[in-house]
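>>> have a look; sequence and predicted model below, questions after that.
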Amino acid sequence: MIKITNLSKSFGELKVLDDINLNIKSGDIYGLIGQSGAGKSTLLRCINGLETYDSGTLKVENLEVKDYEGKEIRKFRKDIGMIFQHFSLMERKTAYQNIALPLECWGYKNDEIDRRVRELLNLVGIEEKIDVKPRCLSGGQKQRVAIARALALKPKMLLCDEATSALDPRTMKSILSLLREINEKLDITIVVVTHQMPVIKQVCNKVAVLDKGEIVVKGEVGEVFLNQPDVLRKLLGEEDNNELPCEGVNVRITYSREEVGSALLARMARSLDLDFSLVWGKLEKYREDTLGSIVINIDQKNESILFNYLNDINLNWEVMENGP
(Lines give C-alpha, C1' and ligand atoms only; values in the text may rest on other atoms or scores of the structure.)
Protein backbone atom coordinates (compact mmCIF):
# COMPACT_ATOMS: atom_id res chain seq x y z
CA MET A 1 0.00 0.00 0.00
CA ILE A 2 2.65 2.56 1.13
CA LYS A 3 6.35 1.90 0.67
CA ILE A 4 8.84 4.53 1.83
CA THR A 5 12.53 4.04 1.07
CA ASN A 6 15.45 6.22 2.23
CA LEU A 7 13.22 9.29 2.37
CA SER A 8 14.75 12.55 3.60
CA LYS A 9 13.46 16.11 3.84
CA SER A 10 14.87 19.40 5.09
CA PHE A 11 13.49 22.86 5.74
CA GLY A 12 16.50 24.99 4.92
CA GLU A 13 19.38 23.66 6.99
CA LEU A 14 17.05 21.78 9.35
CA LYS A 15 16.67 18.10 8.47
CA VAL A 16 13.21 17.02 9.60
CA LEU A 17 13.15 13.52 8.04
CA ASP A 18 16.32 11.46 7.79
CA ASP A 19 16.51 8.19 5.83
CA ILE A 20 12.96 7.01 6.56
CA ASN A 21 12.15 3.41 5.61
CA LEU A 22 8.61 2.18 6.19
CA ASN A 23 6.26 -0.38 4.70
CA ILE A 24 2.54 0.06 5.46
CA LYS A 25 0.41 -2.80 4.19
CA SER A 26 -3.19 -2.64 3.05
CA GLY A 27 -5.53 -2.94 6.04
CA ASP A 28 -2.96 -1.83 8.63
CA ILE A 29 -3.69 0.66 11.36
CA TYR A 30 -0.17 2.06 11.52
CA GLY A 31 0.82 4.45 14.30
CA LEU A 32 3.51 7.12 13.97
CA ILE A 33 4.46 8.28 17.45
CA GLY A 34 7.08 10.59 18.89
CA GLN A 35 7.60 13.81 20.77
CA SER A 36 6.67 17.18 19.25
CA GLY A 37 9.06 18.02 16.45
CA ALA A 38 9.98 14.38 15.76
CA GLY A 39 8.78 14.65 12.13
CA LYS A 40 5.50 12.73 12.37
CA SER A 41 3.19 15.29 10.74
CA THR A 42 5.74 16.14 8.06
CA LEU A 43 5.92 12.47 7.10
CA LEU A 44 2.13 12.34 6.93
CA ARG A 45 2.06 15.40 4.67
CA CYS A 46 4.59 13.74 2.39
CA ILE A 47 2.31 10.71 2.10
CA ASN A 48 -0.65 12.80 0.91
CA GLY A 49 1.45 15.01 -1.34
CA LEU A 50 1.07 18.23 0.65
CA GLU A 51 4.85 18.27 1.18
CA THR A 52 7.52 17.23 -1.27
CA TYR A 53 10.73 15.45 -0.22
CA ASP A 54 14.37 15.93 -1.08
CA SER A 55 15.49 12.35 -1.70
CA GLY A 56 14.33 8.77 -1.52
CA THR A 57 11.05 7.29 -2.73
CA LEU A 58 7.50 7.30 -1.42
CA LYS A 59 5.16 5.03 -3.33
CA VAL A 60 1.43 4.60 -2.76
CA GLU A 61 0.14 1.53 -4.61
CA ASN A 62 3.44 1.40 -6.55
CA LEU A 63 3.15 4.99 -7.83
CA GLU A 64 5.64 7.67 -6.79
CA VAL A 65 3.86 10.49 -4.97
CA LYS A 66 6.23 13.29 -6.07
CA ASP A 67 5.58 12.44 -9.73
CA TYR A 68 1.95 13.58 -9.52
CA GLU A 69 1.18 17.00 -11.00
CA GLY A 70 -1.88 19.20 -11.53
CA LYS A 71 -5.07 17.19 -11.94
CA GLU A 72 -3.21 13.98 -11.14
CA ILE A 73 -2.46 15.07 -7.56
CA ARG A 74 -6.09 16.10 -7.07
CA LYS A 75 -7.26 12.68 -8.25
CA PHE A 76 -4.63 11.01 -6.05
CA ARG A 77 -5.88 12.86 -2.97
CA LYS A 78 -9.42 11.73 -3.68
CA ASP A 79 -8.33 8.28 -2.48
CA ILE A 80 -7.00 9.75 0.77
CA GLY A 81 -9.22 10.87 3.64
CA MET A 82 -7.83 13.28 6.25
CA ILE A 83 -8.97 13.99 9.80
CA PHE A 84 -7.39 16.60 12.05
CA GLN A 85 -7.09 17.59 15.69
CA HIS A 86 -9.45 20.59 15.45
CA PHE A 87 -12.04 19.02 13.12
CA SER A 88 -11.83 21.73 10.39
CA LEU A 89 -15.61 21.84 9.92
CA MET A 90 -17.45 24.71 8.26
CA GLU A 91 -19.31 26.41 11.09
CA ARG A 92 -22.16 27.77 8.94
CA LYS A 93 -23.00 24.37 7.48
CA THR A 94 -24.91 21.51 9.13
CA ALA A 95 -23.45 18.06 9.71
CA TYR A 96 -25.19 16.92 6.52
CA GLN A 97 -23.78 19.82 4.50
CA ASN A 98 -20.23 19.34 5.84
CA ILE A 99 -20.23 15.68 4.84
CA ALA A 100 -21.81 16.44 1.47
CA LEU A 101 -19.26 19.11 0.55
CA PRO A 102 -16.54 16.89 -1.02
CA LEU A 103 -19.21 15.00 -2.96
CA GLU A 104 -20.58 18.28 -4.32
CA CYS A 105 -17.09 19.40 -5.31
CA TRP A 106 -16.63 16.22 -7.34
CA GLY A 107 -19.96 16.66 -9.11
CA TYR A 108 -21.98 13.82 -7.62
CA LYS A 109 -25.73 13.86 -8.24
CA ASN A 110 -28.06 14.98 -5.45
CA ASP A 111 -29.60 11.55 -4.88
CA GLU A 112 -26.13 9.97 -4.69
CA ILE A 113 -25.02 12.62 -2.22
CA ASP A 114 -28.10 12.16 -0.04
CA ARG A 115 -27.71 8.38 0.04
CA ARG A 116 -23.99 8.55 0.86
CA VAL A 117 -24.32 11.20 3.59
CA ARG A 118 -27.09 9.32 5.39
CA GLU A 119 -25.09 6.11 5.12
CA LEU A 120 -22.08 7.78 6.71
CA LEU A 121 -24.09 9.46 9.47
CA ASN A 122 -25.35 6.01 10.37
CA LEU A 123 -21.83 4.55 10.27
CA VAL A 124 -20.43 7.14 12.69
CA GLY A 125 -23.51 6.97 14.93
CA ILE A 126 -24.93 10.51 14.76
CA GLU A 127 -27.96 10.18 12.48
CA GLU A 128 -29.97 12.42 14.83
CA LYS A 129 -27.48 15.31 14.32
CA ILE A 130 -28.10 15.51 10.59
CA ASP A 131 -29.31 19.15 10.62
CA VAL A 132 -27.18 20.38 13.52
CA LYS A 133 -24.37 22.91 13.04
CA PRO A 134 -20.92 22.38 14.62
CA ARG A 135 -21.40 24.98 17.38
CA CYS A 136 -24.14 22.77 18.84
CA LEU A 137 -22.07 19.57 18.73
CA SER A 138 -19.74 18.15 21.33
CA GLY A 139 -16.09 17.57 20.50
CA GLY A 140 -16.67 13.88 19.91
CA GLN A 141 -19.65 14.57 17.66
CA LYS A 142 -17.65 17.09 15.66
CA GLN A 143 -14.91 14.53 15.12
CA ARG A 144 -17.50 11.97 14.00
CA VAL A 145 -18.73 14.45 11.38
CA ALA A 146 -15.13 15.04 10.31
CA ILE A 147 -14.55 11.27 10.00
CA ALA A 148 -17.73 10.89 7.93
CA ARG A 149 -16.61 13.74 5.66
CA ALA A 150 -13.20 12.11 5.24
CA LEU A 151 -14.92 8.89 4.15
CA ALA A 152 -17.36 10.57 1.75
CA LEU A 153 -15.40 9.79 -1.43
CA LYS A 154 -14.70 6.18 -0.38
CA PRO A 155 -10.95 6.62 0.08
CA LYS A 156 -8.55 3.71 0.21
CA MET A 157 -6.57 5.32 3.01
CA LEU A 158 -7.40 7.45 6.05
CA LEU A 159 -4.72 9.72 7.54
CA CYS A 160 -5.27 10.95 11.10
CA ASP A 161 -3.14 13.86 12.33
CA GLU A 162 -3.50 14.06 16.14
CA ALA A 163 -7.20 13.36 15.61
CA THR A 164 -7.93 12.67 19.31
CA SER A 165 -5.66 15.23 20.99
CA ALA A 166 -8.49 17.72 21.63
CA LEU A 167 -10.80 15.12 23.18
CA ASP A 168 -11.31 13.99 26.76
CA PRO A 169 -10.21 10.38 27.56
CA ARG A 170 -13.68 8.85 27.39
CA THR A 171 -14.52 10.51 24.07
CA MET A 172 -11.08 9.62 22.72
CA LYS A 173 -11.75 5.96 23.51
CA SER A 174 -15.06 6.03 21.63
CA ILE A 175 -13.47 7.68 18.57
CA LEU A 176 -10.67 5.11 18.56
CA SER A 177 -13.23 2.31 18.70
CA LEU A 178 -14.98 3.91 15.73
CA LEU A 179 -11.72 4.06 13.75
CA ARG A 180 -11.08 0.40 14.41
CA GLU A 181 -14.64 -0.45 13.35
CA ILE A 182 -14.15 1.52 10.13
CA ASN A 183 -10.88 -0.30 9.47
CA GLU A 184 -12.58 -3.67 9.87
CA LYS A 185 -15.84 -2.91 8.06
CA LEU A 186 -14.43 -0.97 5.13
CA ASP A 187 -10.99 -2.64 4.95
CA ILE A 188 -9.43 0.82 4.82
CA THR A 189 -5.79 1.45 5.68
CA ILE A 190 -5.34 3.98 8.50
CA VAL A 191 -2.18 5.92 9.39
CA VAL A 192 -2.31 7.59 12.79
CA VAL A 193 0.04 10.39 13.86
CA THR A 194 -0.07 10.91 17.61
CA HIS A 195 1.89 11.59 20.76
CA GLN A 196 -0.77 9.86 22.88
CA MET A 197 0.23 6.38 23.99
CA PRO A 198 -3.40 5.17 24.52
CA VAL A 199 -4.05 5.71 20.80
CA ILE A 200 -1.29 3.27 19.87
CA LYS A 201 -2.34 0.77 22.53
CA GLN A 202 -6.02 0.71 21.61
CA VAL A 203 -6.15 0.66 17.82
CA CYS A 204 -2.80 0.24 16.08
CA ASN A 205 -1.44 -3.12 14.98
CA LYS A 206 1.93 -1.66 13.97
CA VAL A 207 3.92 1.34 15.16
CA ALA A 208 7.00 3.37 14.24
CA VAL A 209 8.65 5.57 16.87
CA LEU A 210 10.25 8.73 15.48
CA ASP A 211 12.92 10.79 17.20
CA LYS A 212 14.59 13.84 15.65
CA GLY A 213 13.46 12.90 12.16
CA GLU A 214 14.57 9.27 12.33
CA ILE A 215 12.66 6.04 12.87
CA VAL A 216 14.37 4.50 15.88
CA VAL A 217 12.13 1.44 16.22
CA LYS A 218 9.22 -0.08 14.29
CA GLY A 219 7.20 -3.27 14.22
CA GLU A 220 4.19 -5.00 15.73
CA VAL A 221 2.80 -2.97 18.63
CA GLY A 222 3.01 -5.80 21.16
CA GLU A 223 6.59 -6.63 20.22
CA VAL A 224 7.76 -3.00 20.39
CA PHE A 225 6.15 -2.42 23.79
CA LEU A 226 7.49 -5.73 25.09
CA ASN A 227 11.07 -4.80 24.20
CA GLN A 228 10.64 -1.12 25.18
CA PRO A 229 13.66 0.69 23.71
CA ASP A 230 14.93 3.78 25.54
CA VAL A 231 13.10 6.27 23.29
CA LEU A 232 9.78 4.52 23.94
CA ARG A 233 10.41 4.43 27.67
CA LYS A 234 10.92 8.19 27.62
CA LEU A 235 7.59 8.63 25.85
CA LEU A 236 5.98 6.43 28.49
CA GLY A 237 7.59 8.52 31.24
CA GLU A 238 9.32 5.52 32.77
CA GLU A 239 12.95 6.58 32.41
CA ASP A 240 13.10 8.21 35.83
CA ASN A 241 14.80 6.05 38.51
CA ASN A 242 14.03 8.33 41.47
CA GLU A 243 11.58 5.85 42.96
CA LEU A 244 13.83 2.78 42.66
CA PRO A 245 15.70 1.39 45.69
CA CYS A 246 19.27 2.58 46.03
CA GLU A 247 20.48 -0.77 47.42
CA GLY A 248 20.62 -4.16 45.73
CA VAL A 249 19.91 -4.82 42.04
CA ASN A 250 16.75 -3.56 40.33
CA VAL A 251 15.58 -5.79 37.49
CA ARG A 252 12.80 -4.91 35.08
CA ILE A 253 10.94 -7.89 33.58
CA THR A 254 8.44 -7.66 30.72
CA TYR A 255 6.25 -10.55 29.64
CA SER A 256 3.53 -11.23 27.11
CA ARG A 257 0.05 -12.68 27.43
CA GLU A 258 1.38 -16.26 27.63
CA GLU A 259 2.91 -15.56 31.05
CA VAL A 260 0.09 -13.37 32.36
CA GLY A 261 -1.93 -15.16 35.03
CA SER A 262 0.70 -17.87 35.42
CA ALA A 263 1.80 -16.69 38.88
CA LEU A 264 5.17 -15.52 37.60
CA LEU A 265 6.45 -14.13 40.89
CA ALA A 266 5.27 -17.13 42.90
CA ARG A 267 6.90 -19.55 40.46
CA MET A 268 10.11 -17.57 40.52
CA ALA A 269 10.26 -17.49 44.31
CA ARG A 270 9.62 -21.26 44.58
CA SER A 271 12.11 -22.16 41.87
CA LEU A 272 14.94 -19.97 43.14
CA ASP A 273 14.25 -20.12 46.87
CA LEU A 274 15.42 -16.51 47.10
CA ASP A 275 14.04 -13.39 48.71
CA PHE A 276 13.25 -10.41 46.51
CA SER A 277 10.95 -7.41 46.76
CA LEU A 278 8.43 -6.14 44.23
CA VAL A 279 9.11 -2.47 43.48
CA TRP A 280 6.21 -1.96 41.05
CA GLY A 281 4.20 -3.80 38.45
CA LYS A 282 1.39 -3.32 35.94
CA LEU A 283 -0.63 -5.06 33.24
CA GLU A 284 -1.71 -3.24 30.07
CA LYS A 285 -3.83 -4.22 27.11
CA TYR A 286 -2.67 -3.60 23.53
CA ARG A 287 -5.57 -4.47 21.20
CA GLU A 288 -5.88 -8.24 21.79
CA ASP A 289 -2.55 -8.57 23.60
CA THR A 290 -1.91 -8.16 27.32
CA LEU A 291 1.60 -7.22 28.41
CA GLY A 292 3.00 -7.15 31.90
CA SER A 293 5.89 -5.22 33.37
CA ILE A 294 7.41 -5.55 36.86
CA VAL A 295 10.50 -4.29 38.65
CA ILE A 296 11.96 -6.43 41.41
CA ASN A 297 14.87 -5.80 43.76
CA ILE A 298 17.29 -8.56 44.77
CA ASP A 299 20.55 -8.80 46.70
CA GLN A 300 23.55 -8.35 44.45
CA LYS A 301 25.04 -11.69 45.55
CA ASN A 302 22.05 -13.49 43.99
CA GLU A 303 21.89 -11.62 40.69
CA SER A 304 23.55 -14.31 38.56
CA ILE A 305 21.07 -16.93 39.81
CA LEU A 306 18.15 -14.69 38.84
CA PHE A 307 19.63 -13.74 35.46
CA ASN A 308 20.24 -17.40 34.52
CA TYR A 309 16.68 -18.28 35.50
CA LEU A 310 15.15 -15.46 33.44
CA ASN A 311 17.23 -16.47 30.44
CA ASP A 312 16.20 -20.12 30.81
CA ILE A 313 12.48 -19.24 30.68
CA ASN A 314 13.02 -16.73 27.83
CA LEU A 315 11.71 -13.59 29.54
CA ASN A 316 12.74 -10.07 28.54
CA TRP A 317 14.67 -8.39 31.34
CA GLU A 318 17.15 -5.66 32.04
CA VAL A 319 19.01 -4.18 34.98
CA MET A 320 17.88 -0.67 35.88
CA GLU A 321 19.95 2.03 37.53
CA ASN A 322 19.46 2.33 41.24
CA GLY A 323 17.64 5.28 42.72
CA PRO A 324 19.54 8.24 44.14
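Nice, thanks for sending it over.

>>> now the worst-scoring helix or strand of the chain on mean pLDDT: buried residues?
Here the helix or strand of the chain ranked lowest by mean pLDDT, DSSP states H and E is helix 230-236, holding a mean of 76. By 16 or more other Cβ atoms under 10 Å, the buried positions in helix 230-236 come out as 231, 232, 235. Any C-beta I mention is one placed from the backbone N, CA and C, and that applies to glycine too.

>>> quick check: end-to-end length of stretch 120-132?
End-to-end distance of stretch 120-132 (Cα to Cα, to the nearest Å): 15 Å.

>>> show me the strands in the stretch 201-324 of the chain, by range?
206-211, 214-220, 249-255, 276-286, 289-298, 316-320 (DSSP state E, counting those that start in this stretch).

>>> make TSV from the ones you listed and add mean neighbour count to it.
Output for the strands of the stretch 201-324 of the chain, formatted as TSV (neighbours: other Cβ atoms under 10 Å):
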stretch	mean neighbour count
strand 206-211	23
strand 214-220	17
strand 249-255	20
strand 276-286	14
strand 289-298	19
strand 316-320	15
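
>>> show me where pLDDT drops low in this protein?
Where the chain drops to pLDDT under 70, the residues are 237-242, 257-262, 324.

>>> domains of it?
2-221, 240-320 (automatic domain parsing).

>>> and those domains, which is most packed in?
Greatest average neighbour count among the domains of the chain goes to domain 2-221 (a mean of 18), per mean count of other Cβ atoms under 10 Å.

>>> now the residue lying closest to residue 123 once chain neighbours are set aside: which helix or strand?
Excluding the flanking residues, the one nearest residue 123 by Cβ to Cβ, 6 or more residues apart in numbering is residue 148, at 6.9 Å. Element membership of residue 148 [criterion: DSSP states H and E] is helix 139-151.

>>> what packs against that helix?
strand 80-84, helix 95-105, helix 110-123, helix 169-186 (3 or more Cβ pairs under 8 Å, 6 or more residues apart in numbering; DSSP states H and E).

>>> mind redoing it with 6 Å?
strand 80-84, helix 95-105 (3 or more Cβ pairs under 6 Å, 6 or more residues apart in numbering; DSSP states H and E).

>>> nearest to residue 215, of the ones you listed?
strand 80-84 (21.4 Å; Cβ to Cβ).

>>> adjacent strands (with direction) for the closest one?
strand 157-161 (parallel) (DSSP bridges).

>>> residues in contact with the strand it pairs with?
Strand 157-161 has contacts (Cβ atoms under 6 Å, 6 or more residues apart in numbering) with 41, 44, 48, 80-84, 188-193.

>>> and stretch 179-190, by the same measure?
1, 26, 27, 28, 29, 157, 158, 203.

>>> how about JSON lines for the residues you listed, with distance to residue 321 added?
Shown next, in JSON lines, are the contacts of stretch 179-190 (distance: Cβ to Cβ, whole Å):
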{"residue": "1", "distance to residue 321": "42"}
{"residue": "26", "distance to residue 321": "43"}
{"residue": "27", "distance to residue 321": "41"}
{"residue": "28", "distance to residue 321": "36"}
{"residue": "29", "distance to residue 321": "35"}
{"residue": "157", "distance to residue 321": "43"}
{"residue": "158", "distance to residue 321": "42"}
{"residue": "203", "distance to residue 321": "34"}
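
>>> among those, which lie within helices?
residue 203 (DSSP state H).

>>> which of the contacts of stretch 179-190 sits closest to residue 61?
The closest of the contacts of stretch 179-190, once distances to residue 61 are taken by Cβ to Cβ, is residue 1, at 6.5 Å.

>>> tell me the SS of residue 58?
Classification of residue 58 using DSSP: H, G, I helix; E, B strand; the rest coil returns strand.
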